[in-house]
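S.K.: coords below, sequence missing:
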């Protein structure tokens, strides 16, 4: 079915054509999975997460997901971060005057924020058990379409694409203006954001954004995508926290943000949340923070310039370093390589040059104590999977530790629940499922193509550290000092 044309929807925005420093904010952060059609209930949730992770990897590695043509730093604001079972973590923000609350996914792998927009918003192949919450620009007295003469329009379009705008007789935006009103002939052209598994398109707006329940983190003239048509997207908008001028931290003037991602066992539980902090976090944990330098890709254009590259120096299984190729550690411009951290990818991705030696090291460290479960591997797309020991006395398994080593000596020694997942039979049509039969390494790699090659090999990061591996970690992005901090800690009183 073809994607609906956004042009009829754009007419709804024509009435928008023209004739405070943030403080510390804490926001609840949640995680959940979309409702599936009845015929799809037999698919295993882990299989869906693995497939979603690979689709996300295609988006991050392909290099085409960026938009295409067609507070003060000294304090913090906290907000709840809620887990959702399609692999993302969501929080609430408000747009417009009066404020319209909207859920958005936290995404450190992109920089444009967009929300479903207008009552005519269309989304094909988008699973949702209830209507999408949408933003209504007509109901906001502060909503404005962005002009093609605004510097903000250059965030998503090249100068050459805006050449016809430069010949317009309309006056240019005043110097230093973050955005300016558009006339019918000077609207910033529609954007199209292509993801690995779908897309979204619409027009760029400016409006007042408020984050957190106190509203202390706010921004007038915040640039946001008003999406009018999407394909295969979650039932929320998306908040871009990657590098670059369009990102939430950049527009709010925040030089530090952090989050704590709730354990996966709280999927879709609105009573429990993690936390997103905009600004400095004063909370101290029992374990001291470890800091590692953040790297930048030599590529100066999105998408690779948007990513947070890690100064990874090694990976160890059972305390022994795994021999990996140099491309696992160093960003290679458009040629690919290096390791990034991404809140939008569920299971960590390793390209075949990294995954194959790590998988072999894991199997060797297990040492034949447990049988491989090929049946579960084939069903879920995860590997290696080890069958659970049989017998009433088999209460535990002896599995090797997985750790990530960074420049400067920092080491992330993952708890076993952050890299192994228990897997049982797929749920039946009636909703029932069996007890776990195996445990699987919660890492994905490329699906072989028909010619035997790897499906996504080539450009892009060689390693993508996903949210599953970040469960119950406080992760801090210090943008001023160009470093990433982390420490293990329960992300809710019930997480430990």
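M.R.: Perfect, thanks for sending it. On a predicted model such as this, the values are computed, not experimentally measured, just so you know.
S.K.: which stretches of the stretch 1-150 of the chain form strands?
M.R.: If you assign secondary structure with DSSP state E, counting those that start in this stretch, the strands in the stretch 1-150 of the chain sit at 25-32, 76-83, 88-95, 100-107, 114-116, 122-124, 144-145.
S.K.: what strands flank the fourth one, and is each parallel or antiparallel?
M.R.: What it means is strand 100-107. In the sheet containing strand 100-107, its partner strands are strand 88-95 (antiparallel), strand 237-240 (parallel), by DSSP bridges.
S.K.: give me whichever of those is most buried.
M.R.: Among the strands paired with strand 100-107, the stretch with the highest mean neighbour count (mean count of other CB atoms under 10 Å) is strand 237-240, at a mean of 27. For every residue, glycine as well, the C-beta is placed using N, CA and C.
S.K.: give me the contact list for that strand.
M.R.: Judged by CB atoms under 8 Å, 6 or more residues apart in numbering, the contacts made with strand 237-240 from elsewhere in the structure are 91, 93, 102-107, 110-116, 135, 227, 246-248.
S.K.: measure how the helix ranked longest in the chain sits relative to strand 100-107, angle-wise.
M.R.: As assigned by DSSP state H, the longest helix anywhere in the chain is helix 45-62. Angle, helix 45-62 to strand 100-107, by axes from the mean of the first three to the mean of the last three CA atoms, to 10 degrees: 80 degrees.
S.K.: would you list the strands of the stretch 1-150 of the chain in a markdown table and tack on mean pLDDT?
M.R.: Output for those, formatted as a markdown table (pLDDT from 0 to 100):
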| stretch | mean pLDDT |
| --- | --- |
| strand 25-32 | 76 |
| strand 76-83 | 72 |
| strand 88-95 | 91 |
| strand 100-107 | 94 |
| strand 114-116 | 96 |
| strand 122-124 | 89 |
| strand 144-145 | 95 |
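S.K.: any chance of CSV for the ones you listed, columns distance to residue 239?
M.R.: Rendered in CSV, the data for the strands of the stretch 1-150 of the chain read as follows (distance: least, CB to CB, whole Å):
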stretch, distance to residue 239
strand 25-32, 10
strand 76-83, 11
strand 88-95, 7
strand 100-107, 4
strand 114-116, 9
strand 122-124, 18
strand 144-145, 20
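S.K.: so which of the ones you listed comes closest to residue 61?
M.R.: Between residue 61 and the strands of the stretch 1-150 of the chain, the shortest separation by CB to CB is 15.5 Å, and it involves strand 100-107.
S.K.: what's the nearest residue to the spatially most central residue of the chain if we skip its chain neighbours?
M.R.: Note on the chain: the residue nearest the mean C-alpha position is residue 344, at 2.1 Å, using CA atoms, centre = their mean. With CB to CB, 6 or more residues apart in numbering as the measure, residue 107 is the residue that lies nearest to residue 344, at 4.5 Å, once sequence neighbours are left out.
S.K.: tell me the spacing between that neighbour and residue 89.
M.R.: Residue 107 sits 9 Å away from residue 89 when distances are taken as CB to CB, to the nearest Å.
S.K.: got it, and residue 247?
M.R.: Shown here: residue 247 relative to residue 89, a distance of 16 Å by CB to CB.
S.K.: same question, residue 307
M.R.: When residue 307 is compared with residue 89 (using CB to CB), they lie 18 Å apart.
S.K.: check residue 354 too.
M.R.: Plainly put, residue 354 is 25 Å away from residue 89 if you go by CB to CB.
S.K.: ok, residue 277 next?
M.R.: Residue 277 is 13 Å from residue 89, where distance means CB to CB.
S.K.: could you pull out the helices for this protein?
M.R.: With DSSP H, the ranges of helices along the chain come out as 7-10, 45-62, 163-166, 248-252, 352-366, 374-380.
S.K.: and the third one, which residues are buried?
M.R.: When neighbours are counted by 16 or more other CB atoms under 10 Å, the buried residues of helix 163-166 are found to be residue 165.
S.K.: what do you get for the last one?
M.R.: Judged by neighbour count (16+ other CB under 10 Å), helix 374-380 contains these buried residues: 376-377, 379-380.
S.K.: residue 208: which of the strands paired with strand 100-107 is closest?
M.R.: Between residue 208 and these, the shortest separation by CB to CB is 7.1 Å, and it involves strand 88-95.
S.K.: which parts of stretch 119-139 are buried?
M.R.: Of the residues in stretch 119-139, those with enough neighbours to count as buried (16+ other CB under 10 Å) are 121-123, 126-127, 132-135, 137.
S.K.: quick one: distance of that stretch to the chain centre.
M.R.: Distance of stretch 119-139 from its chain centroid, counting by CA atoms, centre = their mean, to the nearest Å, is 20 Å.
S.K.: start and end of it, how far apart?
M.R.: Between the start and the finish of stretch 119-139 there is a gap of 11 Å, counting by CA to CA, to the nearest Å.
S.K.: hang on, residue 286 packs against residue 490?
M.R.: No. Using CB atoms under 8 Å, residue 286 and residue 490 do not qualify as a contacting pair, with a distance of 9.8 Å.
S.K.: so what's residue 231 up against?
M.R.: Contacts of residue 231 by CB under 8 Å, 6+ apart are 3, 123-126, 198-200.
S.K.: also residue 355?
M.R.: With contacts defined as CB under 8 Å, 6+ apart, the neighbours of residue 355 are 443, 445.
S.K.: per-residue confidence at it?
M.R.: At residue 355, the model reports a pLDDT of 97.
S.K.: how far away is it from residue 203?
M.R.: Taking CB to CB as the measure, residue 355 and residue 203 are separated by 40 Å.
S.K.: again with residue 479
M.R.: For residue 479, the distance to residue 203 - CB to CB - is 29 Å.
S.K.: cool, residue 109 as well?
M.R.: Computed with CB to CB, the distance linking residue 109 and residue 203 is 23 Å.
S.K.: could you do residue 441 as well?
M.R.: Taking CB to CB as the measure, residue 441 falls 43 Å from residue 203.
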